[in-house]
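Asks: Below: sequence and its predicted model.
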Amino acid sequence: MTRIEHNGLVLLELPLDGPLLATEQDAVDMIGETYGTGADMIVVPLARLDPGFLDLRSGIAGIFFQKMQNYRLRLAIIGDIAAQTEASKALRDFVFETNRHGNHRFAPDREALLARL
């Protein structure tokens, strides 16, 4: 993981290469990697997430966001999801509300994420 310090927050960004994340155990393992780091937020490239993550009916996103809440961590997903949000009103609304409340974030890239924090 790459450590980024920004505006008093510690972000840990997963590398682009690695196994797809799809299960509750994947979320727990990802959280476990942050112990002792002082991390406030885990940044996950969209390419690392199972394609079902953006299909809200799959429940994958809910699992990941809930685990983050349980462990008092924030989750940021970085990557271009314009096509997916255009195709799904439910996803578009979910992303809007997630970004509006500010605890978790969706952003097209790291620079956009940092600008919003």
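Replies: Received, thanks. Numbering: from 1, shown residues only.
Asks: Now Asn99: which helix or strand?
Replies: Assigned by DSSP states H and E, Asn99 belongs to helix 89-101.
Asks: how far out from the middle of the chain is whichever helix or strand comes after that helix?
Replies: Moving toward the C-terminus from helix 89-101, the first helix or strand encountered (DSSP H and E) is strand 105-107. On the basis of Cα atoms, centre = their mean, to the nearest Å, strand 105-107 sits 7 Å off its chain's mean C-alpha point.
Asks: Strand 105-107 pairs with which strands, parallel or anti?
Replies: strand 74-78 (parallel) (DSSP bridges).
Asks: Send over the helix holding Asn99 as CSV, restricted to the C-alpha atoms.
Replies: Extracted C-alpha coordinates of helix 89-101, given in CSV (Å, rounded to 0.1, in the frame of the first residue of the first chain):
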residue,chain,number,x,y,z
LYS,A,89,-30.1,5.7,-11.6
ALA,A,90,-29.7,3.6,-8.4
LEU,A,91,-25.9,3.7,-8.7
ARG,A,92,-25.9,7.4,-9.6
ASP,A,93,-28.0,8.2,-6.6
PHE,A,94,-25.8,6.0,-4.3
VAL,A,95,-22.6,7.7,-5.5
PHE,A,96,-24.1,11.2,-5.1
GLU,A,97,-25.2,10.4,-1.6
THR,A,98,-22.0,8.7,-0.6
ASN,A,99,-20.0,11.7,-1.8
ARG,A,100,-22.4,14.2,-0.3
HIS,A,101,-22.1,12.8,3.2
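Asks: For that helix, name the packing helices and strands.
Replies: Identification of packing neighbours for helix 89-101 by 3 or more Cβ pairs under 8 Å, 6 or more residues apart in numbering; DSSP states H and E yields helix 82-87, strand 105-107. Placement of C-beta: from N, CA and C, glycine included.
Asks: Going by neighbour count, list what's buried in the very next helix or strand once past the last one.
Replies: Later in the chain than strand 105-107, the nearest helix or strand by DSSP H and E is helix 110-116. Neighbour counts using 16 or more other Cβ atoms under 10 Å place Arg110, Leu113, Leu114 of helix 110-116 among the buried residues.
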